[in-house]
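Colleague: Just the structure for this:
(one chain, ligands or ions: 2)
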Amino acid sequence: MSLTYIQHKIPFVREMMEVTRNLWEMGWGERNGGNISYLLAEEEVETYIDVTNVKRSLALEFPVVDLAGKYFIVSGTGKYFKNVVFNPEENLGVIRVAKDGKAIDIVWGYEDGSRPTSELAAHFMSHMERLKQDPNHRIILHTHATNSLAMTFVHDLDEKLFTKTLWQMCTECLVVFPDGVGVIPWIVPGTNKIGEITAEKMKDHRVVIWPQHGIFGAGRTMDETFGLIETVEKAAQIYMLINSHQGGIKQSLTDQELLDLAETFSVIPVAGILEAK
Ligand code: 13P
Ligand code: ZN
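Modeller: Ligands and ions are numbered 1, 2, ... in the order given. Predicted coordinates for the structure are as follows:
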């Protein structure tokens, strides 16, 4: 299916249809792999949806008072990204966080009785953290980006070393993510614990790597968030390519070259990684 034919009367639903399709086409969204939540403005939702018509309410195991009254469109648990474009009303849902932050109201979607992603804790906790850092923040995107995942088997998981390697792989990486990547230990997914630890990393980074699992990205728009993950994944791909090359690495970007880049593009690299000569 060509993306040109993806249409929906609700613009934020169409954006979700497009991004889930793109993630699947990249090969990062096998089966039900990955999930997305997108913070929506109340007016934006009310233009298209009758928000007084609550279809179902679900209790949250983790209270999110900071998000009280906020609306999100969220991918459903167990849903295949491959299929979202054919049936958005079953695979996606629009939810509103209750006033006490202890429940959510479903106001659109999940029409087959489904519910939001099992990673909702990690999404909500990450949203709360990113909103403290950036009032324009809106999106949390989790995907099983192939090379980023592969790299966690063969590279040191120290996040400073991980970040530096990624910066060295493509000249523009440092400019796209000067805040580096956070790396957490392996933790059982779908738990409050992985949510809390991911959100802690989101204080300083818009990208968090889940070893042997995938990647979490945060951003203001779908393009920006997808582009951020794409850039990390491209760097990881280069790393995996050159590591399987018999001849080994003959040259790379030096600290000084990366610092020159940061100066030219007016970005501040996260501290403690690069050393000036
Ligand atoms: P969901 O289907 O619940 O979104 O889970 C997919 C996933 O990637 C878990 O980490
Ligand atoms: Zn996952």
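Colleague: surely Met202 meets Val181?
Modeller: No - contact criterion C-beta atoms under 8 Å: Met202 and Val181 do not qualify, at 11.2 Å. The C-beta positions use only the backbone N, C-alpha and C, and glycine is treated the same way.
Colleague: Pull up the overlap in contacts between these two.
Modeller: Common neighbours of Met202 and Val181 are listed as Val208 (criterion: C-beta atoms under 8 Å, 6 or more residues apart in numbering).
Colleague: Relative to Arg115, how far out is Ala54?
Modeller: Just so we're on the same page, residue 54 is Val rather than Ala. Relative to Arg115, Val54 is positioned 14 Å away (C-beta to C-beta, to the nearest Å).
Colleague: between the two, who's got more neighbours?
Modeller: Arg115 (17 against 13; other C-beta atoms under 10 Å).
Colleague: what pLDDT does that one get?
Modeller: Listed pLDDT for Arg115 reads 98.
Colleague: Isn't it up against Ala59?
Modeller: No - the pair Arg115 / Ala59 is not scored as a contact, 11.1 Å apart, by C-beta under 8 Å.
Colleague: and Lys234, what is it in contact with?
Modeller: Going by C-beta under 8 Å, 6+ apart, Lys234 touches 169-170.
Colleague: Now the helix or strand where it lies: buried residues?
Modeller: If you go by DSSP states H and E, Lys234 is part of helix 222-243. By 16 or more other C-beta atoms under 10 Å, the buried positions in helix 222-243 come out as 222, 225-226, 228-240.
Colleague: what about Met26, how many neighbours?
Modeller: Other residues near Met26 number 17, with proximity taken as other C-beta under 10 Å.
Colleague: Met169 now?
Modeller: 22.
Colleague: cool, the one 10 residues further on as well?
Modeller: Asp179 has 16 neighbouring residues, counting by other C-beta under 10 Å.
Colleague: if I've got this straight, it is in a strand?
Modeller: No - counting by DSSP: H, G, I helix; E, B strand; the rest coil, Asp179 is not found in a strand; it is coil.
Colleague: Okay, it and Glu196: tell me how far apart.
Modeller: On the measure of C-beta to C-beta, Asp179 and Glu196 end up 20 Å apart.
Colleague: Kindly report the same for His127.
Modeller: 13 Å.
Colleague: then stretch 216-228 to PDB, C-alphas only?
Modeller: In PDB, the C-alpha atoms belonging to stretch 216-228 read as follows (Å, rounded to 0.1, in the frame of the first residue of the first chain):
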ATOM      1  CA  PHE A 216      12.400   4.500  23.400                       C
ATOM      2  CA  GLY A 217      12.300   7.900  21.800                       C
ATOM      3  CA  ALA A 218      10.700  11.200  22.800                       C
ATOM      4  CA  GLY A 219       9.800  14.300  20.800                       C
ATOM      5  CA  ARG A 220       7.600  17.200  19.900                       C
ATOM      6  CA  THR A 221       6.300  15.800  16.600                       C
ATOM      7  CA  MET A 222       6.000  12.400  14.900                       C
ATOM      8  CA  ASP A 223       8.600  13.300  12.300                       C
ATOM      9  CA  GLU A 224      11.000  14.600  14.900                       C
ATOM     10  CA  THR A 225      10.600  11.500  17.100                       C
ATOM     11  CA  PHE A 226      10.800   9.000  14.200                       C
ATOM     12  CA  GLY A 227      13.800  10.900  12.800                       C
ATOM     13  CA  LEU A 228      15.600  10.700  16.100                       C
END
